[in-house]
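> Everything below, folded, please.
(chains A and B)
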Amino acid sequence: MKFARIVICCSLLSSPALVCAQSAASNDSAEMIRALLARVEQLEKRVAELEGRPLSALAPAAPPEPVAAPVLPPAAPEVATVPVAAEPQLHSGHMGMPLGMPATHLAGFGDFNFAATDQPGTKIGFDEGQFVLHFNSALSSKVSFFGELSLTARRDAGIGSPAPPGFNVEVERSIIRFEQNDYFKVSFGRYHTPINYWNMTFHHGQWLQTTASRPEMVQFGGSFLPIHFVGALVEGAIPAGGLNLNYNFGVGNGRSSVISRSGDWGDVNNNRAWLATVFTRPDHPYGLQVGASVYRDLITPIDALPVREWIQSAHIVWTKENPEIIAEFSNVAHQQVSTGLQSNSQAWYVQTAYRLPWFEKLWKPYYRFEYIHIPGSDQLFRLVPSLAGSTVGVRYDISSFAALKLEYRNLRRPGEPRINGAFAQTSFTF
Amino acid sequence: MRRVIVRLGCRAVVLLALSFVLLRPLAASPQTDDVVVVANPSVPVNDLSFTELRRIFLGERQFWSSNLRISLLLSAPAARDREVLLKTVYDMSEAQLRQHWIGKVFRAEVASAPQMFYSDEEILQAVAAVPGSIAAVNAARIPRGIKVLRIDGRVPGEPGYRLR
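Predicted coordinates:
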């Protein structure tokens, strides 16, 4: 209080006008001092009144300093299913949690597609893409939950007995995470396997990715890389100055007997897979990300001999948009347990895009080249085709949360004619 | 009478000196349009490097310490301080910033995007109330109970200050 009084006195008396007045005439000065003292007293009362009140009561009494009413940012189009707390001081560092229950944020992604290709057996037409829902909830300042559900239209809907429904529902991710600090975060659940940049960064967020299609090495339902991972993950930052190193280390069930699936219901061979990833986002140059990963598993496929799998992958990404560059490489080594026969399969892609400076920066042309090589000796990947392909297209941002993409693809698989296709996609987040 | 004038003059000088010392940490820089980085007094730092500031505003650094999480508060689009942040700290457009935070939430790296406010007064109220909070404001005067952080050792108005 004394400090407040001093501050008020000082602020008033430090006014140059007041100093001038004081030097003008002593009578005026004395009178002015009396007036000022009265003013100071008045202000002190006001300060005492304000300091005596809780912050939540401040707004109605003090129009110039309204209560901070935290609101959800329209920038991130999330819907608070529970009203945001009006008393942020009650939840330090964890705003948005009303007393008694956690606040759950709901968000989602969706896309609709049109495809026309000359691939034998395919039809020209529209498809619904995926409808993806995200549930995000901070359970405390250090514990959070993230869930992701996808609904995908089924080709066999209504066929057979019992007739399958029109959409397939899948729990894509379900993660509960405890964060001790920036250096140590531990979580359990079902993840996008963090050994591939695209898989981690975009996966079901079609709107987030520049292109309409994904690289074949991380295709939905693909087998080249384990797309999902069920287990535990430790992650965080590594103190390394301006390098900004980060790590992930995980232990989980690995691939299931059907190798495109993760071991959701358990470990099929009682042998845990593990992975380790290190990546850097250096301070300089700002926008660069470089990372490398290893993944180890024992696979017991349903229709082949058990193999040991050893994956090495790396990525380099320039995350700016002028230009945007993503390059990834993965080598998947398989060694048959019984014979020791080893094979190495490789996949890589390079994608570049550039946001045009004209037309309100809404247009972004892009190009991607990708390549997959599967040797004949790799029995586990005998159904995964080698390919070389180019994708060229343009993205137009209809709004801040919706995009239209037009794309042309040309793929070549060994022993097969080239496949050409034209695609259109509208993708959005909500 | 002369003694009264001299005494008043001395008092004014002392008070002027006092006011300079006392008001300096409270008023960031009345004569500058620089954007001021403010924080709750619980924040255990007084000085941030520009790259640390960038990591905080990108959501890559989320803790001040194990017991204190960073609460990032942002102004609404079109606010001047947000424009300055976009230009200097984020080096992004408004659309890119939105996509950045949607992506962070999508990757489960953060539980939610930063809280957004529609006036400096609202932000300052929240910064004063929420431990660990940090924000950038365009206010010429920062009220008591809020800490002004130096960036690369510089305060707003100094040559070389980058948030302008």
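
> Which positions in the stretch 101-250 of chain A make contact with chain B?
Residues of the stretch 101-250 of chain A that fall close to chain B, judged by Cβ under 8 Å from any Cβ of the partner chain: A:105, A:107, A:109, A:134, A:136-138, A:141-142, A:144, A:146, A:173, A:175, A:177, A:179-182, A:200-201, A:205, A:208, A:237, A:242, A:244. Yep, even glycine has a C-beta here, placed from its N, CA and C like the rest.

> ok, then the element right after the least confident helix or strand in chain B by mean pLDDT?
Lowest on mean pLDDT, DSSP states H and E among the helices and strands of chain B sits helix B:2-23, with a mean of 56. Moving toward the C-terminus from helix B:2-23, the next helix or strand (DSSP states H and E) is strand B:36-39.

> follow-up on the earlier one: cross the residues of the stretch 101-250 of chain A next to chain B against strands and list the overlap.
A:105, A:107, A:109, A:134, A:136-138, A:144, A:146, A:173, A:175, A:177, A:179-181, A:237 (DSSP state E).

> one step back: please check the residues of the stretch 101-250 of chain A next to chain B and keep the buried ones.
Buried members of those, scored by 16 or more other Cβ atoms under 10 Å in any protein chain shown, are A:105, A:107, A:109, A:134, A:136-138, A:141-142, A:144, A:146, A:173, A:175, A:177, A:179, A:181-182, A:200-201, A:205, A:208, A:237, A:244.

> any idea how far stretch A:140-159 is from the chain center?
Offset of stretch A:140-159 from its chain centre (Cα atoms, centre = their mean, to the nearest Å): 15 Å.

> buried residues in it?
By neighbour count with 16+ other Cβ under 10 Å, stretch A:140-159 contains the buried residues A:Ser141, A:Lys142, A:Val143, A:Ser144, A:Phe145, A:Phe146, A:Gly147, A:Glu148, A:Leu149, A:Ser150, A:Leu151, A:Thr152.

> Extract the C-alpha set from that stretch and format it as PDB.
The C-alpha trace of stretch A:140-159 is given here as PDB (Å, rounded to 0.1, in the frame of the first residue of the first chain):
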ATOM      1  CA  SER A 140      -4.400 -31.900 -15.200                       C
ATOM      2  CA  SER A 141      -1.600 -29.500 -16.000                       C
ATOM      3  CA  LYS A 142       0.700 -32.500 -16.600                       C
ATOM      4  CA  VAL A 143      -1.700 -35.200 -17.800                       C
ATOM      5  CA  SER A 144      -3.500 -35.200 -21.100                       C
ATOM      6  CA  PHE A 145      -5.500 -37.500 -23.300                       C
ATOM      7  CA  PHE A 146      -5.700 -37.500 -27.000                       C
ATOM      8  CA  GLY A 147      -8.100 -39.800 -29.000                       C
ATOM      9  CA  GLU A 148      -8.600 -40.100 -32.800                       C
ATOM     10  CA  LEU A 149     -11.400 -42.000 -34.400                       C
ATOM     11  CA  SER A 150     -11.800 -42.500 -38.200                       C
ATOM     12  CA  LEU A 151     -14.800 -43.500 -40.200                       C
ATOM     13  CA  THR A 152     -14.000 -44.900 -43.600                       C
ATOM     14  CA  ALA A 153     -16.500 -45.900 -46.200                       C
ATOM     15  CA  ARG A 154     -16.500 -49.700 -46.800                       C
ATOM     16  CA  ARG A 155     -16.500 -51.200 -50.300                       C
ATOM     17  CA  ASP A 156     -18.300 -54.300 -49.100                       C
ATOM     18  CA  ALA A 157     -21.100 -52.400 -47.200                       C
ATOM     19  CA  GLY A 158     -24.300 -54.400 -47.200                       C
ATOM     20  CA  ILE A 159     -22.800 -57.500 -48.800                       C
END
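
> Alright, calling it a day.
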